[in-house]
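A.B. asks: A structural model of the following input is requested.
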Amino acid sequence: MAPTIPATNTRVLRVKNVAGLHAVNESYFSIEQTPKPEVHDGEILVRSLYIGLDPCPLDQAVKEPLRGFGVGEVVETKHTQFQVGDIVSGPSLTWDAYSLQKEPAKTLFIVPNARQLAEQNKVPLSAYLGILGMPGLTAWQSFQLYGDLKAGQTIFVSSAAGGVGQTAVQYAKLKGLKVIGSAGSDDKVEYLKKTLGIDHAINYKTQDVKAEIQRLVPEGLDLYFDVVGQESLDIALETTKRFGRIITIGTVSNMNHDGGSPQTPYVHKNLHLIYVKELRIHGLSAFNHFGVFPAFWTETQSQFAAGLLQATEVVEDGLVNVPKTFAKILDGSYRGKVVIKVADL
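C.D. replies: Predicted structure coming up:
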């Protein structure tokens, strides 16, 4: 039975424009109480259980409900595809205790078996925001479409301790590949080695990534999975073997720009290697592939439940803690996916 819905709703708003990610602090957010949303035909009301804290909502309008990936329970429905008690996830959940969804069929998926697996302590609901969520889907779909993974091949994963990177490492290991990755601290390097079982990890702040790859794989990489862009893509072009593959899914290096002065465009140094080596380069934005979530969960839920996939996450309690938690994300205080627990199932 769904819990009683209170007359007021707790909401997180952004109250200032953002000049750059690293300028964000607690004062950029406000916690407000609003009336309970009214549900009309074709709409549903979702009780938020977990929300993922990502930079994307900072691009949204000031004093408008912030939206992002979350996991919740349908508590009121006037839509034929959704029933009270359904566990749903998607990119349109607002940072509210109760999130009104006006077009739920376009932006939300019912997560199969989510309640049962959570109650059996096999798959926590928070996992659907990390390794079983957008980061996991990004790596999984990249490999499905462009990876051509074969046991014995060698892959390099940039930013391997990040949300997408650590899922790419785990999927590649499951397929029998030799995996090399980079991270920005000795602590993250040790995490990659001891927790994820990566074959080789490189601290890109203290080591020469290109030289290390060339030392470890003198014949060249079969696949380079790039999350960073810019210089990392240059290294990919130099260290990937002839007929090799490069998958690029983001440019983390651009996120460090704080605004204010224009950012100087990065000039790649060796694009000629694309045709010299006859490389295959593919880009992927998971925002264009939400439709594969059901197939993705069919495979990965059982892998997670069997202990073949691991989630590194930080769970903080309560919407009231969103401002300080978000600020700590940006100063590098956390490792792994950071989520806010809004309510118990």
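A.B. asks: for the rest of this, base every contact and every neighbour count on C-alpha atoms.
C.D. replies: Noted.
A.B. asks: what's in contact with the longest strand seen in the chain?
C.D. replies: For the chain, the longest strand by residue count, based on DSSP state E, is strand 67-77. Applying C-alpha atoms under 8 Å, 6 or more residues apart in numbering, the contact partners of strand 67-77 are 2-3, 39, 42-54, 56-57, 82-95, 125-126, 128-129, 345.
A.B. asks: which residues in this structure form helices?
C.D. replies: Shown for the chain, the helices assigned by DSSP state H span residues 104-107, 114-119, 134-142, 163-174, 186-194, 209-216, 231-239, 273-276, 293-305, 322-330.
A.B. asks: OK, contacts around the closest residue to Val74 other than its chain neighbours?
C.D. replies: Using C-alpha to C-alpha, 6 or more residues apart in numbering and skipping residues adjacent in sequence, the residue nearest Val74 is Val46, 4.4 Å away. Neighbour list for Val46: Gly72, Glu73, Val74, Val75, Glu76, Tyr98, Ser99, Leu100, Gln101 [criterion: C-alpha under 8 Å, 6+ apart].
A.B. asks: swap in Ala160?
C.D. replies: Ala160 makes contact with Gln166, Ala168, Val169, Gly181, Ser182, Ala183, Leu192, according to C-alpha under 8 Å, 6+ apart.
A.B. asks: apart from its chain neighbours, what residue comes closest to the last one?
C.D. replies: Counting by C-alpha to C-alpha, 6+ apart, the nearest residue to Leu192 once its immediate chain neighbours are dropped is Ile198, at 5.6 Å.
A.B. asks: could you tell me how many residues sit around that neighbour?
C.D. replies: 23 (other C-alpha atoms under 10 Å).
A.B. asks: try Tyr266
C.D. replies: Around Tyr266 there are 10 other residues, counting by other C-alpha under 10 Å.
A.B. asks: any idea how far the nearest residue to Gly283 once chain neighbours are set aside lies from Thr195?
C.D. replies: Distances taken as C-alpha to C-alpha, 6+ apart place Thr248 nearest to Gly283, at 4.9 Å, with adjacent residues excluded. Thr248 sits 25 Å away from Thr195, going by C-alpha to C-alpha, to the nearest Å.
A.B. asks: stretch 277-288: how far from the chain's middle?
C.D. replies: A distance of 18 Å separates the centroid of the chain from that of stretch 277-288, by C-alpha atoms, centre = their mean, to the nearest Å.
A.B. asks: okay, it in CSV with CA atoms only?
C.D. replies: C-alpha atoms of stretch 277-288 as CSV (Å, rounded to 0.1, in the frame of the first residue of the first chain):
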residue,chain,number,x,y,z
LYS,A,277,46.1,3.7,-39.1
GLU,A,278,42.6,3.3,-40.6
LEU,A,279,41.0,3.7,-37.2
ARG,A,280,37.4,3.4,-36.4
ILE,A,281,36.1,6.2,-34.1
HIS,A,282,32.6,6.2,-32.7
GLY,A,283,30.8,8.7,-30.4
LEU,A,284,27.9,7.8,-28.2
SER,A,285,25.5,9.9,-26.2
ALA,A,286,23.4,7.8,-23.9
PHE,A,287,20.6,10.4,-24.0
ASN,A,288,19.9,9.1,-27.5
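A.B. asks: surely Leu66 meets Trp95?
C.D. replies: Yes - with contact defined as C-alpha atoms under 8 Å, Leu66 counts as touching Trp95 (5.6 Å).
A.B. asks: shaky segments in the protein?
C.D. replies: Counting by pLDDT under 70, the chain shows low-confidence ranges at 1-2, 18-23, 55-59, 252-263, 330-333.
A.B. asks: how is it divided into domains?
C.D. replies: With domains defined by automatic domain parsing, the chain comprises 8-130+311-341, 134-287.
A.B. asks: nearest to Pro294, of the ones you listed?
C.D. replies: domain 8-130+311-341 (7.6 Å; C-alpha to C-alpha).
A.B. asks: may I have the distance across that closest one, first residue to last?
C.D. replies: Domain 8-130+311-341 end-to-end distance (C-alpha to C-alpha) = 19 Å.
A.B. asks: which residue sits closest to Glu76 in space, ignoring its chain neighbours?
C.D. replies: Leu45 (5.0 Å).
A.B. asks: residues contacting that neighbour?
C.D. replies: Taking C-alpha under 8 Å, 6+ apart, we find Leu45 in contact with Pro37, Val39, Val74, Val75, Glu76, Thr77, Tyr98, Ser99, Leu100, Gln101.
A.B. asks: try 6 Å this time
C.D. replies: For Leu45, the contacting residues are Val74, Val75, Glu76, Ser99, Leu100, by C-alpha atoms under 6 Å, 6 or more residues apart in numbering.
A.B. asks: how close does Leu100 sit to Arg11?
C.D. replies: 12 Å.
A.B. asks: which one's more surrounded, the two?
C.D. replies: Between Leu100 and Arg11, counted using other C-alpha under 10 Å, Leu100 has the larger neighbour count: 24 against 20.
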